[in-house]
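Student: starting from these lines, generate the structure:
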Amino acid sequence: MNMFRGKGKSKSSQHSETGRESGKSGVSVLDGLNQEAHFEVCFLGVVRDINMGTSRKRDKEAQLVDQVEEAQIDGKLPLSPRDEDKVFITISRHGLKVLDSTKKEVLQRHPLHIIAQVVHYEDGFGKPNVAFKIGQLQHSKDTCIYQCYVFQCPNEDQAQAVCQSLRNIFNVITVQ
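Tutor: As a prediction, this is how the structure comes out:
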């Protein structure tokens, strides 16, 4: 299973495999374990207690997107962000860090080892979203409880770059 594939009505584009990218989205990636990527996005919210089920008819990416869209339909997650929802995210060997866009205070930290999946998809309004499935094994029950943190990107290229940045980090770590 490839946990870094995008789903939805996405256009294909190529990203550099060298580990160095820069661009309008504020990406700054270095080689090796010290690579770090920064993005300005909008935080849509969290879908709690994700149950992925055991459906073999749909892949895990589609199931995750279905859960997010269901939360939006139920009003548990907004369809579009407000101005105050702008945040900066940093992806590094330490995981995902979410910072307030004005004060640069850390709002959330998610260590790399609990990021189970990341998917980018285009929502029903043509906006590119990125969903991070975060979870930890609960030793008492031997089950995994997931939450899904959803961010909206300004364009498809940035959504793909977020996923590619996480892929690059995992690739570097698993090679060493």
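
Student: got a list of what the residue positioned nearest the centre of the chain touches?
Tutor: Geometric centre of the chain, nearest residue: Phe132, 3.7 Å, by CA atoms, centre = their mean. For Phe132, the contact set (CB atoms under 8 Å, 6 or more residues apart in numbering) comprises 96, 110, 115, 117-118, 148-151. No exception for glycine: its C-beta is placed from N, CA and C like everyone else's.

Student: could you dump the residues you listed into TSV with distance to Leu166, secondary structure and pLDDT added?
Tutor: Listed next are the contacts of Phe132 as TSV, based on distance: CB to CB, whole Å; DSSP: H, G, I helix; E, B strand; the rest coil; pLDDT from 0 to 100:
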residue	distance to Leu166	secondary structure	pLDDT
Leu96	8	strand	97
His110	11	strand	96
Ile115	7	strand	94
Gln117	10	strand	92
Val118	5	strand	95
Cys148	15	strand	95
Tyr149	13	strand	97
Val150	15	strand	97
Phe151	12	strand	98
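
Student: coming back round to it: does the residue nearest to the centre of the chain lie in a helix or a strand, and which?
Tutor: Assigned by DSSP states H and E, Phe132 belongs to strand 128-138.

Student: the single longest strand found in the chain: how far from the chain's middle?
Tutor: Across the chain, the strand with the greatest residue count (assigned by DSSP state E) is strand 36-50. Offset of strand 36-50 from its chain centre (CA atoms, centre = their mean, to the nearest Å): 6 Å.

Student: that strand versus strand 128-138: what angle between them?
Tutor: 60 degrees (axes from the mean of the first three to the mean of the last three CA atoms, to 10 degrees).

Student: okay, strands next: where are they in this structure?
Tutor: Under DSSP E, the chain gives strands at 36-50, 86-92, 95-100, 106-111, 115-122, 128-138, 143-152.
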